[in-house]
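> For reference, the sequence and a predicted model appear below.
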Amino acid sequence: MKIVVLDGYTLNPGDLSWAPLEALGEFTVYDRSTPEQAIERCKGAEIILINKIKIREQEIEALLSLKYIGLLSTGYDVVDINAASKRGIIVTNVPSYGTESVAQMVFALLLELSNNVGLHNEAVKNGEWSGRNDFCFWKRPLIELYGKTIGFIGFGRIGQATAKIAKSFGMKVIYFVPKKKIIEEAEWVSLDELLKGSDIISLHCPLNNDTRGIINTSALEKMKDTALLINTSRGPLINEEDLASALNNDRIAGAGLDVLSIEPPANTNPLFNAKNCIITPHIAWATIEARTRLLNTATKNLKSFLNGKPENTVG
């Protein structure tokens, strides 16, 4: 059984072991592959494992031995599911592995915006504390989260895990999803009510035609001028030009983003020069614990397929 990993580096840059997968067949792993390399590298492979590289109809039609595509991720929009289904190719994903890690990152970004730890660490090391007349100083006011309202746009596993953390800070939790549902210890509100009433807004909705650009000038104008925006979901949920303008004109107070509309971004991204905007390089999912769970589940998915009982299939 020939197994090929086309883009293994983001999951495993060297700190995890491929051994469980290596034990299942003739195993080859590439750190990265271009779409043009995919067909040549997967010739004769019955099994391919991918993260972000696209497997389209042309690759599926060309790879005559292919029986299984295992996604090293939750999202599966990189695979032409219809083309795979027509060929009888099984496609699996890893539906839940980073819930706690992403929730943790939401608060890492939020606490940086509220307490300005990095800003003040840099100031101290640049000598700004030394020689002061007072025992303390701050370059930007600090914000207490207790009693603040955090609004979630989208409220699935990650949103609800984040809400539990928010509750431990003494925050009020509200949320919007298109179809109203009752969830304990959280209040459903309309999108307009959430935008107007939240001190912090955290995005957790899927990217689709209804949510693309859901945070735009119209939405930003409804938000409090003291509001903070957090996005660990999908970059295109935000119109980046509109957000940059809102930040630079003090329409909202700050943003913490782990995702952007294009990744990696161009140096001209307008948010790079926006006021009080923290950006991390799509790392919320990438704790070693979450990546270990992902790899273990991907291995389990493949074993289940080989045993004739596939799990976590998509399409």
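That came in fine, so what should we check first? Numbering: from 1, shown residues only.
> What ranges does this protein have for its helices?
19-22, 35-41, 57-62, 81-86, 99-115, 117-125, 157-168, 191-197, 217-222, 240-248, 288-306 (DSSP state H).
> Please save the CA atoms from the second one in PDB.
C-alpha atoms of helix 35-41 as PDB (Å, rounded to 0.1, in the frame of the first residue of the first chain):
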ATOM      1  CA  PRO A  35      -0.300  21.500  -7.600                       C
ATOM      2  CA  GLU A  36       1.900  20.800 -10.600                       C
ATOM      3  CA  GLN A  37       4.000  18.200  -8.500                       C
ATOM      4  CA  ALA A  38       1.000  16.500  -7.000                       C
ATOM      5  CA  ILE A  39       0.200  14.100  -9.900                       C
ATOM      6  CA  GLU A  40       3.900  13.000 -10.400                       C
ATOM      7  CA  ARG A  41       4.500  12.500  -6.600                       C
END
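> which parts of that helix are buried?
Neighbour counts over helix 35-41 (16 or more other CB atoms under 10 Å) mark Ala38 as buried. Placement of C-beta: from N, CA and C, glycine included.
> same thing with the longest one?
Of the residues in helix 288-306, 290-295, 297-299, 301-302, 304-306 count as buried by neighbour count, 16+ other CB under 10 Å.
> In CSV: those, plus distance to Asn231 and pLDDT.
Shown next, in CSV, are the buried residues of helix 288-306 (distance: CB to CB, whole Å; pLDDT from 0 to 100):
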residue, distance to Asn231, pLDDT
Ala290, 18, 98
Arg291, 21, 98
Thr292, 25, 98
Arg293, 23, 98
Leu294, 21, 98
Leu295, 26, 98
Thr297, 25, 98
Ala298, 26, 98
Thr299, 31, 98
Asn301, 29, 99
Leu302, 32, 99
Ser304, 34, 98
Phe305, 34, 98
Leu306, 38, 98
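> nearest to Ile60, of those residues?
Nearest to Ile60 among those: Phe305, at 16.8 Å, using CB to CB.
> Please name the residues that touch Ile183.
Ile183 makes contacts with 155, 160, 175, as judged by CB atoms under 8 Å, 6 or more residues apart in numbering.
> change it to 7 Å
Phe155 (CB atoms under 7 Å, 6 or more residues apart in numbering).
> now do Leu247
255, 274-277.
> try 10 Å this time
Neighbour list for Leu247: 220, 229, 253-255, 270-271, 273-277 [criterion: CB atoms under 10 Å, 6 or more residues apart in numbering].
> and which of those is nearest to Val106?
Minimum distance to Val106 across the contacts of Leu247 is 11.3 Å, recorded for Leu229 (CB to CB).
> isn't Asn93 right next to Pro310, touching?
No - using CB atoms under 10 Å, Asn93 is not in contact with Pro310; the gap is 11.5 Å.
> Those two: which is more packed in?
Asn93 (21 against 16; other CB atoms under 10 Å).
> gap between the more buried one and Asn116?
Distance of Asn93 to Asn116, given as CB to CB, to the nearest Å: 38 Å.
> same deal with Ser245?
Distance, Ser245 to Asn116, using CB to CB: 23 Å.
> Settle it for me: which of these two has more neighbours?
Shown here are Ser245 and Asn116; by other CB under 10 Å, Asn116 has more neighbours (21 against 15).
> how about the chain, which residue sits the furthest from its center?
Distance from the centre of the chain peaks at Asn133, with 44.0 Å (CA atoms, centre = their mean).
> Tell me how many other residues surround Cys136.
Neighbourhood size, Cys136 [other CB under 10 Å]: 7.
> residues touching it, list them.
Applying CB under 10 Å, 6+ apart to Cys136 gives the contacts 120, 129.
> ok, now Val79?
Val79 touches 48, 50, 53-56, 59-60, 69, 71, 89, 91, 93, 314-315, counting by CB under 10 Å, 6+ apart.
> Which residue in those has the weakest pLDDT?
Among the contacts of Val79, Gly315 carries the lowest pLDDT, at 83.
> shared neighbours of Asn93 and Pro310, which are they?
Common neighbours of Asn93 and Pro310 (CB under 10 Å, 6+ apart) are 70, 301.
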